[in-house]
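In: Curious how this folds, go ahead:
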Amino acid sequence: MSSLILIVEADPPLAQELSLSIHPPAMEEIPPHQYVTQTVSEMAELSNEQPHLIIVDVRDRNVQQLKEAIAYQKGGQPYPPAILVISDCQQPDFISQILEMGADDFLPKPLHPQLLNKRIASLLCISNPQDRCLIDPYLNQSLNHLQALNELKSRIITTISHEYRTPLTTIGLSVGMLERYRDKWDKQKQNKHFDRIHKAISHMISLLEDVLFIKDADFGLLEFNPTLVEVIPLFEQAIARMQAIAGPQYSLEFLPQHSVSSWMLDSRLIEQMLVHLLSNAIKYSPQGSKVLIRLRDLNNTMEFQIQDRGIGIPESEQQHLFDSFHRGSNIGNIGGTGLGLSIVKKCVDLHNGTLHLDSQVNQGTTFTITLPASP
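Out: Alright, predicted model coming up:
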């Protein structure tokens with residue numbers, strides 16, 4: 001028996017073009033027949049015949065017809081039809097949205113007939129339970145990617161809710177105290193609470209920036225703009241900033257090889273690397289510790305090291321160290337998101353550099369980053 005394909009397309013010329021393009025190679029002997037409609041609700045006109053595949057053209061992110069197709073798909077048919085979405089919109093968040101809604105596959109316009117027919121052949125197999133082993137590898141890849149995105153979304157929500165709890169509590173307490181006692185407190189005491197509020201807000205903004213950085217990196221949206229940079233001043237500024245945050249309880253010692261001068265770098269990404277590596281070195285080291293930052297020129301490559309004498313990283317966990325949201329088992333109650341080293345690794349990769357880790361529990365950690373002259 002021939003397969004029935006329902007084409008939901010409001011533009012008659014495009015509907016005709018789409019209809020003429022369909023001839024899946026898996027259906028050579030019995031070509032599929034088609035029914036073209038402007039709305040899914042018109043499927044009642046198909047009498048008792050049910051479609052095996054619904055192709056929905058989503059325009060301007062208007063997913064109403066897709067919702068109707070999904071409702072029909074879940075309407076209790078013995079063999080629910082597969083759903084293929086075609087659209088001009090190719091934004092990752094939109095593709096994730098339509099897959100999460102229940103679409104089985106997505107194709108961007110303009111359509112390539114050969115790829116279109118390949119997808120249709122695979123999706124027609126999906127609608128037949130005994131042929132699920134024939135699912136297109138591309139669809140498997142898409143579904144696996146969607147599962148990974150859902151897991152990432154879950155980790156993001158868990159991390160943000162956990163990390164936001166403390167600063168939001170701080171803000172709430174300080175605001176409450178200011179409301180109650182501001183007429184009785186002098187400016188010094190009021191400013192103390194204002195300072196706590198500003199620090200809590202800065203922490204939350206920093207967390208959001210890290211999450212957005214990871215999102216952009218994972219979707220290939222991260223900008224990489226190397227320019228000729230004076231390296232030592234760049235390092236000095238970042239180290240001075242972190243020293244001010246760390247306070248006198250920690251000492252950040254910069255040991256540059258002064259032959260290092262200008263280098264092709266993305267200064268924004270280099271600062272990201274330094275901030276996260278130094279932040280971790282401070283966070284996981286006892287008070288009174290010294291963190292060493294070495295910088296040198298090695299055979300047309302630039303190498304810098306961040307060395308601390310902190311708690312170290314268990315060897316069994318080092319292979320997962322650069323995974324987003326991963327945190328070591330020996331950190332105790334030390335706060336953090338598990339994003340810092342993932343960000344560092346992505347910055348190194350954009351520079352076509354390498355990153356080496358040397359760490360022992362209770363002995364300390366050294367990160368060595370090597371960057372080529374031309375990224």
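
In: For residue 113, which non-adjacent residue is spatially closest?
Out: Using Cβ to Cβ, 6 or more residues apart in numbering and skipping residues adjacent in sequence, the residue nearest residue 113 is residue 21, 4.5 Å away. In short, each C-beta sits where N, CA and C put it, glycine included.

In: per-residue confidence at that neighbour?
Out: Looking at residue 21, its pLDDT is 70.

In: Next: residue 149.
Out: Looking at residue 149, its pLDDT reads 59.

In: Let me see the domain layout of the chain.
Out: Listed domain ranges for the chain are 4-135, 154-218, 227-372 (source: automatic domain parsing).

In: With mean neighbour count added, can I get those in CSV?
Out: Output for the domains of the chain, formatted as CSV (neighbours: other Cβ atoms under 10 Å):
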stretch, mean neighbour count
domain 4-135, 16
domain 154-218, 14
domain 227-372, 17
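
In: show me where the stretch 1-150 of the chain has strands.
Out: In the stretch 1-150 of the chain, the strands defined using DSSP state E, counting those that start in this stretch lie at 4-8, 33-37, 53-58, 82-87, 105-108.

In: before we move on, the earlier item: by mean pLDDT, show me the worst of the domains of the chain.
Out: domain 4-135 - the lowest mean pLDDT of those, at a mean of 74.

In: Tell me which helix or strand comes right after the one helix or strand residue 179 maps to.
Out: Secondary structure from DSSP states H and E places residue 179 in helix 137-181. Next along the chain after helix 137-181, taking DSSP H and E as the criterion, comes helix 187-218.

In: then the helix or strand just after that following helix to CSV, C-alphas only?
Out: Note on helix 187-218: by DSSP H and E, the next helix or strand toward the C-terminus is strand 227-230. Only the C-alpha atoms of strand 227-230 are listed here, as CSV (Å, rounded to 0.1, in the frame of the first residue of the first chain):
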residue,chain,number,x,y,z
THR,A,227,44.7,41.2,17.6
LEU,A,228,48.3,42.1,18.3
VAL,A,229,48.3,42.5,22.1
GLU,A,230,51.0,43.7,24.6
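
In: next structured bit after strand 227-230?
Out: helix 231-246.

In: From the contact counts, what lies against that following helix?
Out: strand 251-256, strand 262-265, helix 267-283, strand 290-298 (3 or more Cβ pairs under 8 Å, 6 or more residues apart in numbering; DSSP states H and E).

In: Relative to residue 276, how far out is the nearest residue to residue 207 once chain neighbours are set aside?
Out: Of all residues not flanking residue 207 in the chain, residue 163 sits nearest, at 5.5 Å (Cβ to Cβ, 6+ apart). Distance, residue 163 to residue 276, by Cβ to Cβ, to the nearest Å: 15 Å.

In: now residue 223
Out: Per Cβ to Cβ, residue 223 is found 18 Å from residue 276.

In: Any idea which residue is closest to the centre of this protein?
Out: Central residue of the chain (Cα atoms, centre = their mean): residue 215, 2.7 Å from the mean position.

In: gap between the residue nearest to that one when sequence neighbours are not counted and residue 214?
Out: For residue 215, ignoring the flanking residues on the chain, the nearest one in space by Cβ to Cβ, 6+ apart is residue 221 at 7.8 Å. Applying Cβ to Cβ, the value for residue 221 to residue 214 is 11 Å.

In: How about residue 254?
Out: Taken as Cβ to Cβ, the span from residue 254 to residue 214 is 28 Å.

In: again, but for residue 269
Out: Note on residue 269: its distance to residue 214, by Cβ to Cβ, is 13 Å.

In: just residue 235 next, same as before
Out: 24 Å.

In: I'd say residue 105 and residue 86 touch.
Out: No - Residue 105 is beyond contact range of residue 86, at 9.6 Å (criterion: Cβ atoms under 8 Å).

In: element containing residue 303, please.
Out: Element membership of residue 303, judged by DSSP H and E, is strand 301-308.

In: so how far is the following helix or strand past that strand off the chain centroid?
Out: With elements assigned by DSSP H and E, the helix or strand that comes after strand 301-308 is helix 340-350. Computed by Cα atoms, centre = their mean, to the nearest Å, the chain-centroid distance of helix 340-350 equals 13 Å.

In: Show me what helix 340-350 is packed against.
Out: helix 187-218, helix 267-283, strand 354-360, strand 364-372.

In: Would you mind putting the ones you listed into TSV with distance to residue 247 alongside?
Out: Listed next are those as TSV, based on distance: least, Cβ to Cβ, whole Å:
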stretch	distance to residue 247
helix 187-218	13
helix 267-283	9
strand 354-360	25
strand 364-372	20
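
In: Tell me the spacing between residue 210 and residue 360.
Out: 27 Å.

In: ah, wrong one, I meant residue 186
Out: The gap separating residue 186 from residue 360 is 50 Å, by Cβ to Cβ.

In: can you check residue 226 too?
Out: Residue 226 is 34 Å from residue 360, by Cβ to Cβ.

In: swap in residue 236?
Out: In this structure, residue 236 and residue 360 are 30 Å apart, going by Cβ to Cβ.

In: now swap in residue 315 and tell me
Out: 8 Å.

In: same check, this time on residue 178
Out: For residue 178, the distance to residue 360 equals 47 Å [Cβ to Cβ].

In: ok, now residue 266?
Out: 32 Å.

In: Could you find the closest non-adjacent residue to residue 311?
Out: Here the residue nearest residue 311, using Cβ to Cβ, 6+ apart, is residue 284, at 5.0 Å.
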